[in-house]
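Engineer: Give me coordinates for this.
(chains A, B and C)
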Amino acid sequence: MRHLRGHERVSGLEQLTGYLFVLPTFLILGVFVLFAAVYSLWISLMHYDPFFHTVYPVGLSNYKYVASSQLYWFSMLHALEYTGVVVTIQTFLAFFFAVLFNEKTPVSRFTRAIVFIPAVTSSAVISVLFIWVFSAQGLLNAFLVHLGVHPENWLESTTWAFPAIMGLNIFTTAPYFMIMYLAGLQSIPSSILESAELDGVRNAFQRFRYFYFPMLKFTVFFVVVLGIIGSMQLFDQVFIMTDGGPGNSTYVPLIYIYNQAFVFDNFGAAAAASFILFVIILILTLAQRRLISEVRWA
Amino acid sequence: MKGQEIVAARNINLEVKDGELFVLLGPSGCGKTTLLRIIAGLVEPDEGEVLIDGKVMNGVYPSDRNVAMVFQNYALYPHMSVYDNIALNMRVRRIPREEVDRRVREVADTLRITELLNHRPKELSGGQAQRVALARAMVRNPRVYLMDEPLSNLDAKLRVEMRAELKRLHRMVDAPIIYVTHDQVEAMTLGDRIAVMDKGVIQQIGSPIELYENPKNTFVASFLGTPPMNIVSAEELVGVDGLKALSPPGSLSGLSVGFRPGDVAIGDGPLSFDVEVEYAELLGDEVLIHAKRGSTRLVIRAASHTYAGQTSLRVRLDPAKLYWFNTEGEAIRQG
Amino acid sequence: MSRISPRRVALLALTVSVQLILALIYIIPFYWMVIKSFRFTIFANFPPNLLPTLQTVGNYVYVWHFSAFPHWYLNSTLIALSVTAASVFIGSLSGYAFARLRFRGRDILFYTVLATLMIPFPVVIIAEYILMVNLGWVNTYQAVIVPSTASAVNVFLMRQYFTTIPQEVEDAAKIDGLRPHQIFFRVAAPLAKPAYAASAIYTFIGAWNSFLWPLLVLHSVKMFTLPLAINFFKGANGSQIYWNQMTAAEVLTMIPTIVIYVVFEKYFVKGIALSGSKG
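Structural biologist: Alright, predicted model coming up:
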């Protein structure tokens, strides 16, 4: 006698339903992501003026143009600097917030809700609000004068404008990533921590070292990668608060792309610049994968 | 016999008759649930045919096979009331509302769950949930009932109670029940016939008593009965007085001897040998003695008063209750 | 009862104070924004007066009656609701198909959906914008809505949830005579309410707050969404005089997402837990 075997039955109806159910997603993502990406690549090889319908291939000259643009590399360096600072600080800060607000206290629910407000608030509202916070007569100076710091018009200063934007983004994204860590912390079954306590793991440091950190490695990786992708695409705050200024001191790649396309009508160069940015983001995120090599992929 | 249906999968021919409670028994992973899912139409067999009332069912959608299935974890729809759980099948078949209501109440009455009809599944106890699952199956008057370990999530006391309930329901319905379990006690007490499965293969089919008395191979022999049958290599028993005379013709090498724990007695005589006692379990009137003969472990069931705690014993086999198995583990019939 | 050690008490006190201090730091800018929206102040005082004062509701009246604010509110609401409804529905259909239906090429298709997450938005905006120009959609609602009606994140989140529904429940439905689409609509979807809630909340907030894409395709003031309007207020009226009215506009813009957050707080962590879990 041979062994009993069978395969899960797949009716034609089930196949058909499956294709119908995924069809809308593929239509939309197919057109607006996959096709659009290929189309962008094509545009980056063209001289493209959509308003006068003049389109002709120019080879790699858009890439040469962007690569030789000092402003573009300047903006790229800004983005890298910004990413290095913001991602590092927010990753740790968010973790600290998560551990802090995961502690059940009479005020933890309430305080956690408050801290999360920036994460659900429009970047436009936050940016406009912080224009005032950072202004000469703003909130920040009002506190700093108590500490004896000389008032500064933060966003008008080529030295301080970019750090101010960094600070604002750490302020708003740390709570967002806090939620990711909280989800991770809460997915650790309490029975594991209880049995750890029986095994002699008593203090917070050991708990962190042997449980939180190894079990949240995947979350940390996620937070870092999402942080990098978000930081390299910084736009809203800069556009609203300083528009790249003063004196290009807050110029970032997306401002460059925006200006090339929508101010100078140079769509080919904008597309080329976006592809260079894509490659750099890809390299940075893949490097994270190498750095945290033990991360198991789902 | 009120007509019959044949369920065939692969090279195994299973024939299940009307009014019969047919048990598929085997350890986990033996393929019994797969076989059940093949009959239900949830899994399509790679080869072979499933027939119900002589009609080939391959390729027929599960619900069009007119089978009902009861699952181990009940698989009730958590977002629907008990009433809606029972009624769903009839609703999708567009049976008139009054008819649905009449049948739901009728089956609820039979299963004594009328007062639960407005509850949600999560408010039910395990026993109640299983009654609802049975009601959901019964309300449709299926051609075949398929039950996949329906009692294994219940505690011991409830399981005994539900076993009796199942017996009662079984007498009320004409359709056969194909019942999957890994619990041989459940199989022996419930089944009209049992198919013992192992490694995707049906080892033996028969009534409980047939399987118990005439196991076809060592697997069946050791799977049925508690404690299981002792199976000892004949080589361990070389020199036992009178054994050769009972053995099948030919050499003893490679053969095994089987005997049930209750068919060994403490004492000397023909067919006796020495064993070393490892430990004993006192069960009241009876004692289970776990012993060793060479490298083979044995269990002996004896009356408590006959065993006084010795560390080595002489035991004697009942010559009428010996089973012989060949090198492949198949039973050798004699006489 | 177990005794609480002094060390525990000290630790709790420390935790509570740090939580309160952080909450204070986070609330102050928003608190000040609300205070200011109820003031006449033409010139900013320094240092600012942080005491709560209710001088006027005129800023709100002005914003509501003398700007296109109601219209912007309507635009934002319409766009965010359409995007949410479509994206969550489409995401749940596909998520269910990827979790439970079997069809040829399913895994490749699923990985294709996931791969789209690797393509950052800047890479597609140029082409997407030109597409809008060619479709004649610039300055229309559909330009903002249609590209957002499918979201790989929602597909993934819903798929994760559907895989947690016991297979046996769906088998029971199959035997009960439900066709695959009926199993989805009558059994699986009603059981996935938490996942629907989580993805709806994140989608709505994302759409409500979205800035860059609407900025590119919505040109006329009448078509603006609230974030564009906020930016427009700033650009058009940079002088001090309008700052207070702007804070009123900001408060009004924030209210819906804050309300959603307060009401559905438990789904925020759940949503992340779903989209971050392995499957």
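
Engineer: what residues are up against the nearest residue to residue B:152 once chain neighbours are set aside?
Structural biologist: Leaving aside its chain neighbours, residue B:152 sits nearest to residue B:72 (5.7 Å; criterion: Cβ to Cβ, 6 or more residues apart in numbering or on different chains). To be clear about C-beta, it is placed using only N, CA and C from the backbone, and glycine gets the same treatment. Contacts for residue B:72 (Cβ atoms under 8 Å, 6 or more residues apart in numbering or on different chains) come out as B:148-150, B:152-153, C:168.

Engineer: how about residue B:230, phi and psi?
Structural biologist: Phi and psi for residue B:230, reported as degrees, to the nearest 10, are phi -80, psi 130.

Engineer: Please verify my assumption that it contacts residue B:256.
Structural biologist: No - under the criterion of Cβ atoms under 8 Å, residue B:230 makes no contact with residue B:256, lying 9.8 Å away.

Engineer: what's the nearest residue to the residue in the stretch 151-279 of chain C that chain B sits nearest to if we skip its chain neighbours?
Structural biologist: Nearest to chain B, among the residues of the stretch 151-279 of chain C, is residue C:177, at 3.4 Å (Cβ to the nearest Cβ). Setting aside the residues directly before and after it, residue C:177 is nearest to residue B:63 in space (Cβ to Cβ, 6+ apart), at 3.4 Å.

Engineer: In three-state terms, label residue B:231 for me.
Structural biologist: Secondary structure state of residue B:231, per DSSP: H, G, I helix; E, B strand; the rest coil, is strand.

Engineer: Look up how far residue B:218 lies from it.
Structural biologist: 5 Å (Cβ to Cβ, to the nearest Å).

Engineer: joint contacts of the two?
Structural biologist: Common contacts of residue B:231 and residue B:218 (Cβ under 8 Å, 6+ apart): B:256, B:258, B:325.

Engineer: can I get the residues you listed in a markdown table with neighbour count, distance to chain C and pLDDT?
Structural biologist: Shown next, in a markdown table, are the shared contacts of residue B:231 and residue B:218 (neighbours: other Cβ atoms under 10 Å in any protein chain shown; distance: Cβ to the nearest Cβ, whole Å; pLDDT from 0 to 100):
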| residue | neighbour count | distance to chain C | pLDDT |
| --- | --- | --- | --- |
| B:256 | 24 | 40 | 88 |
| B:258 | 20 | 38 | 90 |
| B:325 | 23 | 39 | 90 |
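
Engineer: Tell me the one among these nearest to chain A.
Structural biologist: Checking the shared contacts of residue B:231 and residue B:218 against chain A by Cβ to the nearest Cβ gives residue B:325 as the nearest, at 18.0 Å.

Engineer: Give the closest residue to that closest one in space, chain neighbours not counted.
Structural biologist: Closest residue to residue B:325 apart from its sequence neighbours, by Cβ to Cβ, 6+ apart: residue B:256 at 4.4 Å.

Engineer: shouldn't that neighbour be in contact with residue B:218?
Structural biologist: Yes - between residue B:256 and residue B:218 there is a contact at 6.8 Å, judged by Cβ under 8 Å.

Engineer: Check the contact lists of the two and give me the overlap.
Structural biologist: Residues touching both residue B:256 and residue B:218 by Cβ under 8 Å, 6+ apart: B:231, B:325, B:329.

Engineer: So the first one versus chain C, what's the distance?
Structural biologist: Between residue B:231 and chain C the distance is 37 Å, computed by Cβ to the nearest Cβ, to the nearest Å.

Engineer: again with residue B:38
Structural biologist: Applying Cβ to the nearest Cβ to residue B:38 and chain C gives a distance of 13 Å.

Engineer: What about that residue, how many residues nearby?
Structural biologist: Counted with other Cβ atoms under 10 Å in any protein chain shown, the neighbours of residue B:38 add up to 26.

Engineer: Convert the helix or strand hosting it to PDB, retaining C-alpha atoms only.
Structural biologist: Under the criterion of DSSP states H and E, residue B:38 resides in helix B:32-40. The C-alpha trace of helix B:32-40 is given here as PDB (Å, rounded to 0.1, in the frame of the first residue of the first chain):
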ATOM      1  CA  LYS B  32      -6.600  10.100   9.200                       C
ATOM      2  CA  THR B  33      -7.500  13.800   9.100                       C
ATOM      3  CA  THR B  34      -6.300  14.100   5.500                       C
ATOM      4  CA  LEU B  35      -8.500  11.200   4.600                       C
ATOM      5  CA  LEU B  36     -11.400  12.900   6.300                       C
ATOM      6  CA  ARG B  37     -10.700  16.200   4.500                       C
ATOM      7  CA  ILE B  38     -10.500  14.300   1.200                       C
ATOM      8  CA  ILE B  39     -14.000  12.900   1.900                       C
ATOM      9  CA  ALA B  40     -15.200  16.300   2.800                       C
END
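
Engineer: so does the following helix or strand past it get close to chain A?
Structural biologist: Remark: after helix B:32-40, the chain's next helix or strand is strand B:43-45, criterion DSSP H and E. Yes - interface with chain A: strand B:43-45 contributes B:43-45 (Cβ under 8 Å from any Cβ of the partner chain).

Engineer: Give the pairing partners of strand B:43-45; include direction for each.
Structural biologist: strand A:6-8 (antiparallel) (DSSP bridges).

Engineer: Distance of residue A:265 relative to residue C:6?
Structural biologist: The gap separating residue A:265 from residue C:6 is 71 Å, by Cβ to Cβ.

Engineer: Comparing the two, which shows the higher neighbour count?
Structural biologist: Comparing residue A:265 with residue C:6 by neighbour count (other Cβ under 10 Å), the higher total belongs to residue A:265, at 14 against 8.

Engineer: and that one, what are its phi and psi?
Structural biologist: In terms of degrees, to the nearest 10, the main-chain angles of residue A:265 are phi 50, psi 30.

Engineer: Report the distance from the helix ranked longest in chain B to the chain centre.
Structural biologist: Secondary structure of chain B per DSSP state H: the longest helix is helix B:156-172. With Cα atoms, centre = their mean, to the nearest Å as the basis, helix B:156-172 stands 15 Å off its chain's centre.

Engineer: what comes up buried for that helix?
Structural biologist: B:158-159, B:162-163, B:165-166, B:169-170 (16 or more other Cβ atoms under 10 Å in any protein chain shown).

Engineer: could you redo the residues you listed as TSV and give each row pLDDT?
Structural biologist: As requested, the buried residues of helix B:156-172 are exported to TSV (pLDDT from 0 to 100):
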residue	pLDDT
B:158	87
B:159	88
B:162	88
B:163	89
B:165	87
B:166	89
B:169	88
B:170	89
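
Engineer: Out of those, the closest to residue B:105 would be?
Structural biologist: Among the buried residues of helix B:156-172, residue B:169 lies closest to residue B:105 (Cβ to Cβ), at 17.0 Å.

Engineer: Kindly report the residues of chain B close to chain A.
Structural biologist: Contact residues, chain B versus chain A (Cβ under 8 Å from any Cβ): B:9-12, B:31, B:34-35, B:37-38, B:41-46, B:61-62, B:197, B:199-202.

Engineer: Narrow these to just the buried residues.
Structural biologist: Here, 16+ other Cβ under 10 Å leaves B:9-10, B:12, B:31, B:34-35, B:37-38, B:41-45, B:61-62, B:197, B:200-202 buried among the residues of chain B next to chain A.

Engineer: how far away is the nearest residue to residue B:311 once chain neighbours are set aside from chain C?
Structural biologist: Leaving out its chain neighbours, the residue that sits closest to residue B:311 by Cβ to Cβ, 6+ apart is residue B:277, at 5.3 Å. Note on residue B:277: its distance to chain C, by Cβ to the nearest Cβ, is 46 Å.
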